[in-house]
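>>> here's a sequence, model it:
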Amino acid sequence: MDLGRLSNGERISSISAILLFISMFFHWFGAKTVNTSSLLIAFQGFEPEKNAWQALDYIPFVLLVTISVTLVVAALRTIPEAQLPVSVNGLTAILGCASALLIIFRIVDPPIFYAEGTFTIEGTVQFPMFLALPAAVGITTGGLLALREEGVSFAGLRARRGERGR
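Numbering: from 1, shown residues only. The predicted structure follows:
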């Protein structure tokens, strides 16, 4: 394993993937119980906090796929005998972008854990979730930077496609 073979972009995305994985075990959401009835009684209590694995349905699996792909790409780059025929850093960038968008979605719209009758248990966003967002953005940025270091750019791909059409 030769870590010197990693490009700067692959290093950034790998470190970001590790940080995202670690952040998934911290409390992303608090839970508060709210009385939603129209009565003048105001009841509010707090439930235990939940991490990404406990609070979210499918998003942790998307994040785990993103982390896995990012780390596998970096691991394959460190092996001198491994030659990847296709640039997979684009896949890393796309998965990182999707992960960042899913995290933003859950920041804007926290989950509702339980709703029955007049009581609702709503999720409240906690600080570690705001640490997960830059990690996902770091995966995207690292993937794009690695593509650029390989000499692949989206503008170049667009220009080549335009030349073929003429």
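>>> which residues does the residue nearest the centre of the chain contact?
The central residue of the chain, meaning the one whose C-alpha is nearest the mean C-alpha position (C-alpha atoms, centre = their mean), is S99 at 3.2 Å. In this structure, S99 makes contact with 20, 62-63, 66, 136, 139, judged by C-beta atoms under 8 Å, 6 or more residues apart in numbering. No exception for glycine: its C-beta is placed from N, CA and C like everyone else's.
>>> what's the closest of those to P80?
I139 (24.7 Å; C-beta to C-beta).
>>> secondary structure element for that closest one?
Under the assignment given by DSSP states H and E, the secondary-structure element containing I139 is helix 127-150.
>>> for the residue nearest to V137 when sequence neighbours are not counted, phi and psi?
With C-beta to C-beta, 6 or more residues apart in numbering as the criterion, V137 has its nearest non-adjacent residue at 5.2 Å, and that residue is A100. Dihedral pair for A100: phi -60, psi -40, per degrees, to the nearest 10.
>>> neighbours of A100, how many?
22 (other C-beta atoms under 10 Å).
>>> before we move on, what about the one 5 residues further on?
Neighbour count for F105, taken as other C-beta under 10 Å: 11.
>>> low-confidence bits of this protein, can you list those?
Within the chain, the set of residues satisfying pLDDT under 70 comprises 1-3, 35-48, 82, 84-86, 114-115, 117-118, 153-166.
>>> quick one, helices of the chain?
Shown for the chain, the helices assigned by DSSP state H span residues 8-23, 52-55, 59-78, 89-108, 127-150, 154-164.
>>> closest to A31 out of the ones you listed?
With respect to A31, and counting by C-beta to C-beta, the nearest of the helices of the chain is helix 52-55 at 8.3 Å.
>>> quickly note the distance from I15 to I67.
Going from I15 to I67 by C-beta to C-beta, to the nearest Å gives 12 Å.
>>> so between those two, which is more surrounded?
Summary of the neighbour comparison: I15 and I67, criterion other C-beta under 10 Å, with I67 having more neighbours (25 against 16).
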